[in-house]
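>>> Quick one, structure for this:
(2 chains)
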2 protein chains.
Amino acid sequence: MSQIMSRRDLEFLLFEWLDTERLFERTRYAEHSRDVVEDLLGLAERIATDHFAPHNRAADLAEPRFDGERVELVPEVEPALRAFADAGFLAAPLSEEAGGLQLPSSVFGACMAWFHAANVGTAGYALLTLANANLLTVHATPELVGLFVEPMTTGRFFGTMALSEPHAGSNLADITTRAEPQPDGTYRLFGRKMWISGGDHEMGDNIVHLVLARTPDAPLGTRGISLFLVPKYLVDEDGTVGERNDVVLAGINHKMGFRGTVNTAPIFGDGAFTPGGRPGAVGHLVGTEHRGLPAMFTMMNEARIGVGLGATALGYTGYLKSLAYARERLQGRPLGASPESPQVPLVEHPDVRRMLLAQKSYVEGALALNLYCSRLVDDIASLDDAAVTAEAEKLLGVLTPIAKSWPSQWCLAANDLAIQVLGGAGYTRDHDVEQHYRDNRLNAIHEGTHGIQGLDLLGRKVLMDAGAGLSLLVGRIHETARRASGTGDADGERYAAQLAAAAERLVEVTGAIATRGDQQAMLADATAYLEAAGHLVVAWLWLEQWLVADGKEGVFYDGKRSATAYFFGRELPKIAPMLDLLADGDRTTLDLDPGVL
Amino acid sequence: MSQIMSRRDLEFLLFEWLDTERLFERTRYAEHSRDVVEDLLGLAERIATDHFAPHNRAADLAEPRFDGERVELVPEVEPALRAFADAGFLAAPLSEEAGGLQLPSSVFGACMAWFHAANVGTAGYALLTLANANLLTVHATPELVGLFVEPMTTGRFFGTMALSEPHAGSNLADITTRAEPQPDGTYRLFGRKMWISGGDHEMGDNIVHLVLARTPDAPLGTRGISLFLVPKYLVDEDGTVGERNDVVLAGINHKMGFRGTVNTAPIFGDGAFTPGGRPGAVGHLVGTEHRGLPAMFTMMNEARIGVGLGATALGYTGYLKSLAYARERLQGRPLGASPESPQVPLVEHPDVRRMLLAQKSYVEGALALNLYCSRLVDDIASLDDAAVTAEAEKLLGVLTPIAKSWPSQWCLAANDLAIQVLGGAGYTRDHDVEQHYRDNRLNAIHEGTHGIQGLDLLGRKVLMDAGAGLSLLVGRIHETARRASGTGDADGERYAAQLAAAAERLVEVTGAIATRGDQQAMLADATAYLEAAGHLVVAWLWLEQWLVADGKEGVFYDGKRSATAYFFGRELPKIAPMLDLLADGDRTTLDLDPGVL
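So this is what the prediction gives:
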């Protein structure tokens, strides 16, 4: 059985739970079928296994090098991405008009889980290119789409997202990269970016940067930011790749993990190259001036769900590897056994089983969350009923910060437990789990830190929306609880009661926060709110899985039941003190004088 | 101000809280004084700052290399340890008879915190040598002490502890290294060891291995294990270092962190060298045959407190570094501020303050715990009243697994938060915090894993002792609570009530566990018990610190008050669901069929 991902679980979620086959009845997805999906999942497994996993460690040990001009990656990265592109995955989620396969996002997510789990560093280049192409199809002119998107769908061009600057990380309002309009309708860009993944390398024929910058006289703050397409090499109107653009690297960042994806500090327009005979990076406006941030954020839900899925996949493969180790490795005996009896596998020790079941409850819960969100993306894209899609959008808005942050926190916790199951061996580079742990630590930082997700959930998605999205979510939670208590099963009834009570408590606490008056006080513990809501949501999705498994026999379904029991018995109760804290409006950190630290 | 450790906090704990000056009234410590201690703390700070910290990153980047014959370390390690030895630190905790300075363990711990925090990899060699020498002074013949301990106190010889084997990690009962008695009273050892830190290098003149092995016909299990001193080079009766002994390395382990300390797989007696003309590693029995494990475990309390202290120190320095960064780095604005207003330091954001105050509550709480335990060691060594020392021993027994595991868990959590405060920068190797996080991850594994500590606490220290040690602990907790409520301060009264209730709940839950019948059921959730008891103990020690600060003014004491508020408001409440779980005797993980995983 693969130690990368569980195909069985992916198929359970897609076909037994999310009823993915119903998607194929809709116009947008009518070209696809369950057979197609199963073939794609098999293809993803094969390519991930044969082309991604084998160089996961090599890319970690020999991290990208920059000699002042070129970025050198381990040689296995490019052919792996070639195989990925040749299989059609770079085109899969795009619409047919943009040359894509119009694959449902939930199905594509299930495929991508294989690549993230096998080699998150190499998958990073694909993910960025997909996000870039996806955004262009929505906001760029047909001309730009024609010139840049098609080569990205075939892996000939790669993409980046260039937002942060050295002095503006979480706070994009302060970016200073400038874009000067030119008589021919293009712009020239000047400025420095930071933390840009995939910002330079020698793969493919070109790199397409999506760059946030300010036009002259643009208003201060986020409302003065525009979005530009800046290629590494200029592209003629006929698609020919030509002159080098004025984009070079100041250097690359050396990370703790996620090393396979080169992380760079690019400089735009410092005159290292002089396209058309003068300095300045040639850029094309995407969308309209000053609307760059909303354009960039069009894809934010999907990008954040993608980060969450990456975190989930790393947790998942760590779980499978520690499980395999625990089944094989002989160590110790049951309590009270004679020293003459043979040593038993690690999995025979209750504390090791606890660490494995905890991991299972985290990674399978997180995967359900990510695919549920992707399914909402599919519903929004494929349903005609405006009321239904508006509801799906609202629900997706509330769930997205959780789908990003919860796996980043708890699938990292899973990786921590995977190391602990292996003991000293898990702490060495002879086993993958230590790398997964290092790789996964990035996910609570990029695409909006954990703290930013909390502010997004509580500030924007809950309070600014007067609780409408939260009500929807809680409504769905109650609906699941009703079904569970309707089974007549004692476990189901108990879970239902526990879940409904927790949901009601969240509503109550939200009300208490909303009446608190000033914004600082309302948002002081947004992170605690995020974490409590996250555990509630994952408990809900465990009860959903429990319902699917209800009445079905076999170890797979027994595993779902055990993980549900674990989550309701040991995880959901953790939120009570967080919610009490939020209800009380504790001001310890809000009022803290930084001088006493 | 130093970003390695806080001298102010160390002096607060030693002199304002633990009343260390009273130790100098006792015969054992009469040579010392507060002035001596302050000089030593200053010396530790200087050597840690000048000789340990500067190569912390270098030793991580250029990890030890083994060319098949020799282990090569970065060149800065040996002079750093030379400075450490020259300052007397390798002799400091040993008794005067063994050539030591008889420094109180609590004072020595305060000094060692500097070295762990500055460079845990280099400090590792010192710690192992100290533990080795310490053990020999108690169990070895005066002859062996004379030959081997004195050179260790001056840094001429280094020491190791060689317990684990490839198939016997947590489970020492199964070691198979054999020790064959020789006519001259020595033994010849044959076997393989694993995970042996400092197992080979070229520093000093010799390496003294303390090796667990079985004599022929020894009973199976832990009762058949003996302890041997096996030097890398044989030593003549006059102390001359001579012929190479039959100990070589099969290889070294490549770890995620803690890279400065070489970790090795030694082979004893495979004939690579032939001392006296024949294969077999020459060893000397330490203590009596079959009593090797108890001898090794004599020092276990101190070794485990030492691991906890190392974890604490890594958490502490990470806290100080993230605090300094948060005070300097400008990013973002208060909610609702105009985009024209200047960016503010990170520390102005409530969520960043939360992450800093959480770290403070973990690392200062852990340091108090480690030093409290060391003070018990000092009381045991220096008080004459047998009843008092018996009580201290019992209390130390209960606290040791917590002093080892709690910092390993929560000061790692502090390192995680330190990374998060720095954001992307914290994830790069340009800053120390990512290394501290990697380094600290080892501490929940070595010297008895987290799970082993749980079994030790609940199984051995609490249940086997019929709760006597726990009663002592709870008695002290109640005594602190009484003092706090006696202050008449509203916060103090609230903390006292909360702490006393939590302690009573732990007693109640312990009773429920004890009546459960079979050992498996009693111990199934020993880890949850360990974690709940740990939080209770640290809350108690925060209330102790709060009491010392009570009525005193200034930011330092305000900081103690804020951290106490944080721990009681946000940490102690976490144990309620754990204790409920333990009270209920949940069997989810105990009864789990591993086949469903």
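
>>> and the closest residue to chain B within the stretch 251-400 of chain A, helix, strand or coil?
As assessed by C-beta to the nearest C-beta, chain B sits closest to A:Pro339 within the stretch 251-400 of chain A, at 3.2 Å. C-beta coordinates here come from the backbone N, C-alpha and C atoms, glycine included. Secondary structure, DSSP: H, G, I helix; E, B strand; the rest coil: A:Pro339 is coil.

>>> going on from the longest strand along chain A, what's the next piece of helix or strand?
When chain A is parsed with DSSP state E, its longest strand is strand A:206-214. Toward the C-terminus, strand A:206-214 is succeeded by strand A:225-231 as the next helix or strand (DSSP states H and E).

>>> elements contacting the lengthiest helix in chain A?
Taking DSSP state H as the criterion, chain A has its longest helix at helix A:386-422. Judged by 3 or more C-beta pairs under 8 Å, 6 or more residues apart in numbering or on different chains; DSSP states H and E, the packing partners of helix A:386-422 are helix A:300-328, helix A:350-382, helix A:433-440, helix A:450-454, helix A:468-486, helix A:526-549.

>>> quick one: the longest one to helix A:386-422, angle?
What it means is helix A:350-382. 160 degrees (axes from the mean of the first three to the mean of the last three C-alpha atoms, to 10 degrees).

>>> How much space separates A:Pro407 from chain B?
Between A:Pro407 and chain B the distance is 16 Å, computed by C-beta to the nearest C-beta, to the nearest Å.

>>> thought that residue was touching A:Asn443?
Yes - under the criterion of C-beta atoms under 8 Å, A:Pro407 makes contact with A:Asn443 at 7.2 Å.

>>> More neighbours: those two, which one.
A:Pro407 (34 against 26; other C-beta atoms under 10 Å in any protein chain shown).

>>> Contacts only, for that one.
A:308-309, A:311-312, A:315, A:366, A:369-370, A:443 (C-beta atoms under 8 Å, 6 or more residues apart in numbering or on different chains).

>>> now those as a markdown table including pLDDT and distance to B:Gly424?
Output for the contacts of A:Pro407, formatted as a markdown table (pLDDT from 0 to 100; distance: C-beta to C-beta, whole Å):
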| residue | pLDDT | distance to B:Gly424 |
| --- | --- | --- |
| A:Gly308 | 98 | 18 |
| A:Leu309 | 98 | 20 |
| A:Ala311 | 98 | 16 |
| A:Thr312 | 98 | 21 |
| A:Gly315 | 98 | 21 |
| A:Ala366 | 98 | 23 |
| A:Leu369 | 98 | 25 |
| A:Asn370 | 98 | 23 |
| A:Asn443 | 98 | 12 |
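
>>> on that earlier part again, what does the average pLDDT come to for the longest strand of chain A?
Mean per-residue pLDDT for strand A:206-214: 98.

>>> Could I get the buried residue list for it?
Across strand A:206-214, burial judged by 16 or more other C-beta atoms under 10 Å in any protein chain shown covers A:206-214.

>>> Which members of those additionally contact chain B?
Filtering the buried residues of strand A:206-214 for proximity to chain B (criterion: C-beta under 8 Å from any C-beta of the partner chain) leaves nothing.
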